[in-house]
Structure formats: structure tokens, C-alpha cells
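Student: have a look; sequence and predicted model below, questions after that.
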Amino acid sequence: MDMKMIHLLYVPTLQCNMSCSYCYLGCQTDTLRFSNPAGALETAIDKLVGAGILPFNISLHGGEVTTLPGEDLDRLFGIISAHYLKYYDQLSAKGIFKMNPHIKTNLLLIDKHYDLLCRHKVSISGSIDLPLELHRKHRLMKNGADSLDKILDNIRLLSSYPYDKKMSATLYSEHLERWEEITDDILFLHNDCGFDMNRFNFMFGFNSTLNDCKFKDHPCLDTTPPDASQQVRFYNRLKDRFAGTELEYGFKRHWFDEFTPSYCTNSRNCGEKFFLLQADGKMYSCVRGQGNEDFYYGNLFEEDPAEILQRARKKIDRLHELPGIAEDCRKCGYLHICNTGCPFVKKQTGSGKSYTCELQQQIYQDSPASYPLAEPLQQKTYLDNYLFRFHPSLAGTGPRQQLFHYTREVKEEKNALWNIIQSDLVLQALYSADSIVLQADGQFLPMQSQLLKVNRDILCWSGAEEISVHIKKELFLKSCSELVRNGVYVQVLQDLPVVYGDEKRVKQSHLFNYIAFYDTLLESSFSEDFLKVPLTDILKAHQHLFRPDVLNNLFVTTIFLRDYHYSKQKSNAFYHLQAINLPFQNVEFFWGAID
């Protein structure tokens with residue numbers, strides 16, 4: 001059975017050894033340590049997995065993680081590594097190959113734990129302030145002492161750390177006013193401290209209701225968020241400053257990565273995938289929502305995990321709905337990429353759009369192949385879908401104010417696609433992730449339904465490979481009245497949009513179908529429980545249809561399971577809505593040379 005995959009930030013302590021004047025956690029970092037944080041993590045993992053929920057990424061956050069005793073850190077790191085190893089098969093089937101723990105740290109104590117971090121090959125993400133003079137001014141130790149010199153020494157130590165590491169900085173208006181100092185300090189950290197500043201990223205801050213500005217005799221940082229013009233100007237200044245240098249890669253790949261679809265801030269509903277768990281069992285949305293009632297989902301040690309996840313999804317749906325949607329978002333061809341941004345920041349600002357909207361558009365325009373602008377019909381289709389999900393009262397509204405009617409049952413948990421699948425044995429077979437395997441030149445890749453997979457499988461074939469699919473024999477028995485009439489059904493589509501059907505949807509264009517009946521299938525080299533369908537000659541026979549710069553989409557199922565899918569669509573409206581696109585196991589591929 002497939003498990004629901006979640007990204008889990010784990011907070012083993014809220015204590016921090018620093019008192020940054022703008023900390024979004026406010027007084028929470030004065031809290032005493034949680035008792036037995038390692039045992040709490042073990043309990044949490046067991047409870048989640050027991051409910052069919054698999055953390056695919058466990059990252060330690062705080063407070064400050066490194067304030068824990070070494071024995072606690074040692075045990076936590078061991079638990080996380082053992083988790084990745086125990087569920088290696090399930091994670092690798094989703095294209096996830098994590099093996100090492102990860103921490104977010106202020107870098108003040110990494111020298112103390114350096115040997116322990118090396119032993120567990122811990123991935124380290126450190127935070128600093130740029131320019132460094134503002135770090136010296138606002139990132140103070142708990143006793144009010146300056147932290148910068150100690151942290152610079154630890155950055156030099158981190159530069160030679162043999163495992164994954166990166167750093168980040170959060171910027172407010174006060175930082176951006178000193179952008180030239182920021183560029184100088186980037187070069188100082190890169191050249192003088194020896195840290196590869198390509199592995200760096202920026203974030204933009206915002207006012208926090210929990211920050212009580214605890215300093216009485218020390219000026220607090222101005223937490224005014226940078227406005228749109230400041231953000232874009234800063235981005236363009238860095239682009240001009242580092243173009244043609246060894247740090248241009250960092251600018252293009254990492255520095256502004258938070259404002260791209262790779263981050264939670266651009267997900268449709270972060271409450272479906274991203275969670276923060278404290279060692280006392282409290283679950284929040286993330287570090288931004290930590291301690292905020294609107295983003296509190298429940299206590300994992302006291303409630304059913306499935307109920308907590310359902311509450312999370314509903315809360316985030318509602319928080320997206322409350323501020324409405326900005327009029328320019330309705331018309332934007334990038335809505336499918338940004339999804340109007342982070343619900344926490346929208347709640348803080350009262351805005352219906354991302355607080356980094358203009359910056360994101362600039363980033364997208366600079367990389368049009370990575371972030372394509374939707375065509376008008378595609379944009380309208382996505383907008384209708386987005387409104388239907390997050391702004392149902394606005395769905396279908398337009399110049400003629402025609403309302404789009406729907407039933408609230410669509411949002412009931414029992415009608416979610418996953419639950420529909422779990423209540424139907426044939427659908428479980430149709431969507432299974434271990435029944436169909438692609439083979440290309442001796443390499444085997446389990447194929448998964450495009451509706452359920454976490455990552456896309458995109459391959460490049462020159463035409464010289466030996467390609468085949470292997471199908472578990474028992475799959476042919478599902479919903480099959482006569483085995484001799486069953487077989488493998490292969491569909492190949494191309495990622496060029498066409499519009500057809502009564503609903504006038506934008507779809508991928510079909511290239512060809514291929515059927516191989518059961519009695520013609522070969523014995524499989526993958527397993528004696530599988531049968532094999534060679535596809536090399538079939539693909540070559542149609543290679544004149546493939547374009548070198550256009551993605552192709554290959555789907556595989558059985559004849560009878562394909563028929564069952566369409567009969568299920570007719571009998572269950574909730575299934576039809578969520579499986580309107582082809583649900584079969586698939587892989588995407590380019591054919592021939594790629595420009």
C-alpha cells in the first residue's frame with residue numbers, strides 16, 4: 001500500500017542561545033527544554049507510519065538544535081538515519097534517496113559538536129545576517145554579547161566540513177538599504193572565509209506578532225518588510241554585480257530559490273505535505289506558523305494523525321480563502337507556478353497575493369524555459385480550478401457573473417482520491433506502485449501513477465536503448481472476465497496542448513496506442529512473477545512523431561483496468577473529478593538529441 005508522504009520539521013527544543021532582536025518566535029525561545037526529545041521523535045514516527053503517513057524528509061529545527069547535549073543529538077541523528085534506511089524501498093520508489101540527518105542552526109556551537117556532526121554526516125544549514133554589521137548589531141547572544149566573531153570562526157570551520165552545507169540570510173528593509181555592503185560581505189565570506197557562497201539563499205522577512213522586541217536598552221531591527229520595488233531592485237543589482245563571476249551559478253540556482261516552485265511557499269496547499277512537530281507533540285504548519293493558533297493543527301500524541309492532517313488541509317484552504325484573490329492574480333499567466341504564495345504571510349499582511357509577487361515574476365521571466373508563462377486558455381483553466389478549490393464563492397464569476405455550482409461534499413475526506421482508492425481493491429491494483437516496471441538498458445524503474453507520484457520521471461532516450469515494460473502477472477487478473485482477452489495497453493502522448501471534448505479542456509495530444517495481448521507476452525528477466533513487453537521496436541516505428549525538444553508521456557496499464565477506470569468515472573463523480581487526467585503508471589521522455 002502506498003503511504004502518504006510528508007515533509008517534517010522536528011523541533012527537539014525551543015531554547016536558543018541567542019536573542020536576535022527580530023526573532024519571529026518571540027519569548028518562545030526562553031522555554032525550558034522538552035524532556036526526552038529523541039524518545040518523542042521515535043514515538044511520533046511510529047504513530048505517523050502506523051497511520052499510513054511516511055515522513056520523507058526529517059529536518060531538525062528550533063529554537064537552536066545545537067543547545068541540546070551531545071548525547072541527545074547523537075540519538076536524534078541515529079533515529080533519523082535509521083528511519084531513512086528502514087523505509088529506503090518506499091522512499092526510493094518515489095525518487096527520494098535521503099540518508100543523512102539535517103539541521104538548521106545559528107552556527108554558534110557547531111565547533112562544539114563538529115566531530116558528532118561529521119560522524120553522522122549531518123547536512124547543515126546555517127543562518128547569518130547580511131550585511132555582517134547588522135548581524136553584529138542585532139544577532140546577540142542571550143547575555144547581550146556580540147556573536148559575530150565566534151560565528152565567523154565557525155563559518156571558516158564549516159567551509160572545510162566534508163558533507164552538505166549551506167547558509168541563508170533573512171532580509172528586511174533595513175538590510176536592503178545597505179545592499180552594497182551585502183555584496184561585499186558575500187565576497188568576504190566566499191574569498192576570505194572560504195565558504196562556497198554558491199550554496200546560499202536569501203529570504204525576505206515580515207512582521208511577526210510573536211516578536212515582542214524584548215531588548216530594552218538595545219535598538220531593535222526595523223522589521224518593515226521590503227516592498228516590491230526594493231525586492232526587484234535588490235535582485236537585479238545582484239544579477240548585474242555577479243554576472244560572469246564564479247558566483248553567477250549561486251545567483252541563478254540557490255540565492256532566490258525560495259521564491260520558486262521548489263519551496264513550500266508556492267504549493268497549492270502546504271497543509272497537505274509540510275508540517276512542523278514539537279517534541280511536546282504539537283503540530284504546526286512550519287517555522288513561520290510555530291506558536292500561532294491559526295496554524296496549529298493538533299497534538300500528535302493525543303489525536304489521530306489522519307484527523308490532524310485533515311484539519312491542516314482545511315485550515316490552509318480557509319486561510320487562502322479569507323483574504324480573497326487579487327485581481328491581477330486572476331489574470332496572471334504564472335498563477336499555476338506560485339498559487340498566490342504563503343498563507344501565513346497572506347494572513348499577516350491581509351493580502352490575497354504573494355508578498356514577493358513582482359520578484360517572482362522577474363525570476364520567471366529570466367528563466368522562461370523553467371517557468372513558462374501559461375497560454376490564455378491554460379491560464380483560464382487553471383484559474384477556474386484554483387477558484388473552485390480555494391475561493392468557491394468566486395468560482396465561475398466573471399464579466400457575466402455566472403456562478404459555478406458545486407457540492408461541499410467535494411471537500412469531505414471520504415471523497416478524497418486516496419480514500420476512494422483505498423476502499424476499492426481494483427483501484428488499489430490500478431494505482432499500485434510495484435506492479436509495472438520500466439527497463440531501459442538494464443536499469444529498472446518502478447512506474448507509478450502520475451496522480452500519486454511525488455516526483456516526475458523524465459528520461460532521455462537516443463533510440464539506441466533496449467526498452468521494455470514488465471507487468472506483474474496478477475495485475476491481469478484484476479477486474480478481468482477472460483484472461484485471453486486481456487493484455488497490456490500502452491498510450492503515448494506528447495506535451496503539445498490541444499483542446500477537445502465537450503468540456504473544451506486543454507490536454508496533451510495523443511500520438512499512438514499499442515496493445516499486446518496476454519498470450520503474446522514474454523517471460524520477464526525482472527521477476528518470475530512478471531511478464532515482459534518489448535517496446536524498442538514499437539517506439540522506433542513511431543519515432544518520426546517525436547520532436548527533439550518536446551516531452552513525450554508513456555502510460556501503461558492493462559486493457560481491463562483501463563476499462564475499469566472509465567466505468568469508475570461514470571459511477572463515482574468524486575473519482576471522476578480527481579482522476580480526470582490519465583491515472584495510469586507513466587514515465588516522460590525526450591527522444592533523440594536535445595538542443
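Tutor: That came through fine.
Student: make it CA atoms for all contacts and neighbour counts henceforth
Tutor: Will do.
Student: neighbours of the nearest residue to Ile471 once chain neighbours are set aside, how many?
Tutor: Nearest residue to Ile471, sequence neighbours excluded (CA to CA, 6 or more residues apart in numbering): Ile436, at 4.6 Å. As a burial measure, Ile436 scores 24 neighbours (other CA atoms under 10 Å).
Student: and Ile436, what does it touch?
Tutor: Going by CA atoms under 8 Å, 6 or more residues apart in numbering, Ile436 touches Pro446, Met447, Gln448, Val469, His470, Ile471, Lys472, Val556, Gln585.
Student: closest to Lys380 out of those residues?
Tutor: Gln585 (27.8 Å; CA to CA).
Student: how near is the closest one to Leu561?
Tutor: The gap separating Gln585 from Leu561 is 12 Å, by CA to CA, to the nearest Å.
Student: on that earlier part again, can I get the contacts of Ile436 in CSV with neighbour count?
Tutor: As requested, the contacts of Ile436 are exported to CSV (neighbours: other CA atoms under 10 Å):
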residue, neighbour count
Pro446, 21
Met447, 26
Gln448, 29
Val469, 24
His470, 28
Ile471, 26
Lys472, 19
Val556, 27
Gln585, 25
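Student: just the residues contacting the lowest-mean-pLDDT helix or strand in the chain, thanks.
Tutor: Sorting the helices and strands of the chain by mean pLDDT, DSSP states H and E puts strand 18-20 at the bottom, at a mean of 81. Contact with strand 18-20 is made by His138, Arg139, Leu140, Met141, Lys142, Gly144, as judged by CA under 8 Å, 6+ apart.
Student: likewise for stretch 571-591?
Tutor: Taking CA under 8 Å, 6+ apart as the rule, stretch 571-591 contacts 410, 415-417, 420, 430-431, 433, 436, 447-451, 456-463, 543, 546-557, 568-570.
Student: only alpha carbons, please: show it as PDB.
Tutor: Output in PDB follows, covering the C-alpha atoms of stretch 571-591 (Å, rounded to 0.1, in the frame of the first residue of the first chain):
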ATOM      1  CA  SER A 571     -20.300   5.600 -11.400                       C
ATOM      2  CA  ASN A 572     -18.400   8.000  -9.000                       C
ATOM      3  CA  ALA A 573     -18.400  11.700  -9.600                       C
ATOM      4  CA  PHE A 574     -15.800  12.400  -6.900                       C
ATOM      5  CA  TYR A 575     -13.400   9.900  -8.500                       C
ATOM      6  CA  HIS A 576     -14.100  11.500 -11.900                       C
ATOM      7  CA  LEU A 577     -13.200  15.000 -10.700                       C
ATOM      8  CA  GLN A 578      -9.900  13.900  -9.200                       C
ATOM      9  CA  ALA A 579      -8.900  11.400 -11.900                       C
ATOM     10  CA  ILE A 580      -9.900  13.400 -14.900                       C
ATOM     11  CA  ASN A 581      -6.400  13.100 -16.200                       C
ATOM     12  CA  LEU A 582      -5.000   9.700 -17.100                       C
ATOM     13  CA  PRO A 583      -4.200   7.900 -13.800                       C
ATOM     14  CA  PHE A 584      -2.100   5.100 -15.200                       C
ATOM     15  CA  GLN A 585       1.600   4.400 -14.400                       C
ATOM     16  CA  ASN A 586       3.700   6.600 -16.600                       C
ATOM     17  CA  VAL A 587       7.100   7.900 -17.500                       C
ATOM     18  CA  GLU A 588       8.000  11.000 -19.500                       C
ATOM     19  CA  PHE A 589      10.800  11.000 -22.000                       C
ATOM     20  CA  PHE A 590      12.700  13.000 -24.600                       C
ATOM     21  CA  TRP A 591      13.600  11.200 -27.800                       C
END
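Student: so what does Glu375 have for phi and psi?
Tutor: Dihedral angles of Glu375 (phi, psi; degrees, to the nearest 10) stand at phi -70, psi 160.
Student: pull the contacting residues for it.
Tutor: The contact partners of Glu375, by CA under 8 Å, 6+ apart, come to Gly333.
Student: run the last query once more with 10 Å
Tutor: Gly333, Tyr334, Thr381, Pro497 (CA atoms under 10 Å, 6 or more residues apart in numbering).
Student: which of those are buried?
Tutor: Gly333, Tyr334, Thr381 (16 or more other CA atoms under 10 Å).
Student: can you pull out the strands in the stretch 1-150 of the chain?
Tutor: Taking DSSP state E, counting those that start in this stretch, the strands of the stretch 1-150 of the chain run over residues 4-11, 18-20, 53-60, 102-105, 123-128, 139-141.
Student: confirm for me that Val484 is in contact with Phe517.
Tutor: Yes: Val484 lies in contact with Phe517 (CA atoms under 10 Å); the separation is 7.2 Å.
Student: looking at these two, which one has more neighbours?
Tutor: Higher neighbour count among Val484 and Phe517: Phe517, with 16 against 12, using other CA under 10 Å.
Student: share the number of residues neighbouring the closest residue to that one other than its chain neighbours, please.
Tutor: Of all residues not flanking Phe517 in the chain, Gly487 sits nearest, at 3.9 Å (CA to CA, 6+ apart). Neighbourhood size, Gly487 [other CA under 10 Å]: 22.
Student: quick check, pLDDT for Gly487.
Tutor: At Gly487 the predicted local confidence, pLDDT, stands at 96.
Student: before we move on, the earlier item: and which of the buried ones among the contacts of Glu375 is nearest Leu387?
Tutor: Using CA to CA, those come closest to Leu387 at Thr381, 10.1 Å.
Student: distance check, that closest one against Tyr249.
Tutor: According to CA to CA, Thr381 stands 35 Å off from Tyr249.
Student: picking up where we left off before, partner strands of the least confident helix or strand of the chain, with direction?
Tutor: Paired with strand 18-20 in the same sheet, following DSSP bridges, are strand 139-141 (antiparallel).
Student: contact partners of the partner strand?
Tutor: Residues from elsewhere that reach strand 139-141 (CA under 10 Å, 6+ apart): 16-23, 106, 108, 128-129, 132-133, 145-148, 221.
Student: buried members of those into PyMOL, please.
Tutor: Listed next is the PyMOL selection for buried residues among those, using 16+ other CA under 10 Å:
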select buried, resi 16+17+18+19+20+21+22+23+106+108+128+129+132+146+147+148+221
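Student: Three-state assignment for Gln491, please.
Tutor: Secondary structure assignment for Gln491 (DSSP: H, G, I helix; E, B strand; the rest coil): strand.
Student: what's the pLDDT at it?
Tutor: For Gln491, the predicted pLDDT is 97.
Student: contacting residues for it?
Tutor: For Gln491, the contacting residues are 510-515, 553-557, 582, 584, 586, by CA under 10 Å, 6+ apart.
Student: which one of those is nearest Leu187?
Tutor: Nearest to Leu187 among these, with distances taken as CA to CA, is Asn553, at 44.4 Å.
Student: I'd like the distance between Ser35 and Gly62.
Tutor: Counting by CA to CA, the gap from Ser35 to Gly62 is 15 Å.
Student: quick one, which of those two is more surrounded?
Tutor: Neighbour count, other CA under 10 Å: between Ser35 and Gly62, Gly62 has more, with 23 against 12.
Student: do I have it right that the more buried one meets Gln15?
Tutor: Yes: with contacts counted by CA under 10 Å, Gly62 reaches Gln15, the gap being 7.3 Å.
Student: having no further points to raise, I will conclude here.
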